[in-house]
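**Q** fold the stuff below for me.
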Amino acid sequence: MRGAVNERRTEPPWVRRALTTVALAFFVLLLAMPLIFVVWSSLARGAAAWAAAVSRPDTASAIRQTLTVVAWVVPLNTLFGVLAAYAITKFQFRGKAVLTALIDLPFAISPVIAGSIFVFLLGKFTPLGGWLESHGIKVIFSTPGMVLATTFVTFPFVARELIPTMQAQGIEDELAARSLGASGWQSFWRVTVPNIRWSLLFGVVLCAARAMGEFGAVSVVSAHVSGETNTLPLQVEALYSGLDVTSAFAVSSLLVLMALLTLAVKAGVEWRYRRQEARERA
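**A** From the prediction side, this is the model:
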């Protein structure tokens with residue numbers, strides 16, 4: 001074992017430099033340069049033009065619509081993710097493998113197809129959609145449809161963060177709590193939740209980031225009504241299609257800022273997690 005470690009450490013310097021150069025080149029070309037270009041283009045006409053672009057009524061509406069969708073999607077997927085992960089890791093039942101596979105389904109389906117499925121299922125001229133509309137419930141081309149489509153696209157994130165953690169922890173802590181007289185609900189809140197809180201936070205952050213940037217599924221179910229059903233990604237497309245390139249880049253910079261804020265939150269959570277692990281080992 002020690003010989004294998006030493007062998008890995010004695011790689012030629014040119015190999016390490018080459019790998020580092022390739023990694024940095026990918027980072028610069030595929031991530032750093034596009035982000036810098038977006039920020040630079042958004043400020044090409046000055047800070048006043050940027051402020052005017054992001055404060056437009058239709059852009060303000062897109063921001064509110066994006067935050068509304070995220071505010072619905074994250075709690076829904078958090079609830080689903082916790083329940084699904086708990087069922088998969090703590091119980092044995094028929095269909096467990098099917099449920100595990102279905103969690104990954106959105107990764108295999110194009111978001112555009114996912115949005116189309118909801119249109120075919122809940123559109124105005126479908127039996128279910130027509131019945132809902134006759135009772136005053138409009139789903140497609142409105143906020144509920146956007147929430148449903150985004151929930152479908154993002155629901156694996158929380159569950160996929162929790163399942164490995166809960167599998168590694170096993171069921172011993174819950175069984176010990178039950179043997180000491182705790183109810184199932186008390187065991188869940190006082191044993192399970194504290195043990196998964198960091199993985200849960202990771203999943204919530206990833207889910208929120210994905211929901212803010214979703215385009216394909218939302219584009220199908222939103223009808224692109226400016227000032228009503230446009231989210232920030234749809235607003236960027238609308239502005240760019242209307243040849244208002246500067247405003248499009250200004251709104252894109254908002255998404256960049258949101259992404260950077262999300263990364264900062266994720267990094268903070270990871271730092272707290274590593275710090276707690278270090279204290280526990282000490």
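
**Q** how's the protein carved up into domains?
**A** Segmentation of the chain into domains, based on automatic domain parsing, reads 1-42, 47-281.

**Q** adding mean pLDDT and mean neighbour count, write the ones you listed out as a markdown table.
**A** C-beta here means a position set from N, CA and C on the backbone, and glycine is covered the same way. Formatted as a markdown table, the domains of the chain follow (pLDDT from 0 to 100; neighbours: other Cβ atoms under 10 Å):
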| stretch | mean pLDDT | mean neighbour count |
| --- | --- | --- |
| domain 1-42 | 76 | 10 |
| domain 47-281 | 86 | 17 |
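
**Q** tell me where the longest helix sits in the chain.
**A** Counting residues, the longest helix found in the chain (DSSP state H) is helix 245-281.

**Q** residues in contact with residue 151?
**A** Residues near residue 151 by Cβ atoms under 8 Å, 6 or more residues apart in numbering: 72, 73, 76, 77.

**Q** between those residues, which is closest to residue 228?
**A** Using Cβ to Cβ, the shortest approach to residue 228 within the contacts of residue 151 belongs to residue 72, at 16.6 Å.

**Q** for the closest one, give its distance to residue 83.
**A** Counting by Cβ to Cβ, to the nearest Å, the gap from residue 72 to residue 83 is 17 Å.

**Q** how about residue 90?
**A** Counting by Cβ to Cβ, the gap from residue 90 to residue 83 is 11 Å.

**Q** with residue 57 instead?
**A** 40 Å.

**Q** now swap in residue 25 and tell me
**A** 43 Å.

**Q** then residue 29?
**A** Counting by Cβ to Cβ - residue 29 and residue 83 are separated by 41 Å.

**Q** and for residue 108?
**A** Counting by Cβ to Cβ, the gap from residue 108 to residue 83 is 22 Å.

**Q** and for residue 41?
**A** Shown here: residue 41 relative to residue 83, a distance of 44 Å by Cβ to Cβ.

**Q** of the contacts of residue 151, which belong to helices?
**A** 72, 73, 76, 77.

**Q** can I assume the first one is in contact with residue 147?
**A** Yes - A contact is recorded between residue 72 and residue 147 when judged using Cβ atoms under 8 Å, the distance being 4.5 Å.

**Q** and the residue lying closest to residue 259 once chain neighbours are set aside, what does it touch?
**A** Among residues not flanking residue 259 along the chain, residue 209 sits closest, at 6.5 Å (Cβ to Cβ, 6 or more residues apart in numbering). Listed by Cβ under 8 Å, 6+ apart, the contact set of residue 209 reads 258, 259, 262.
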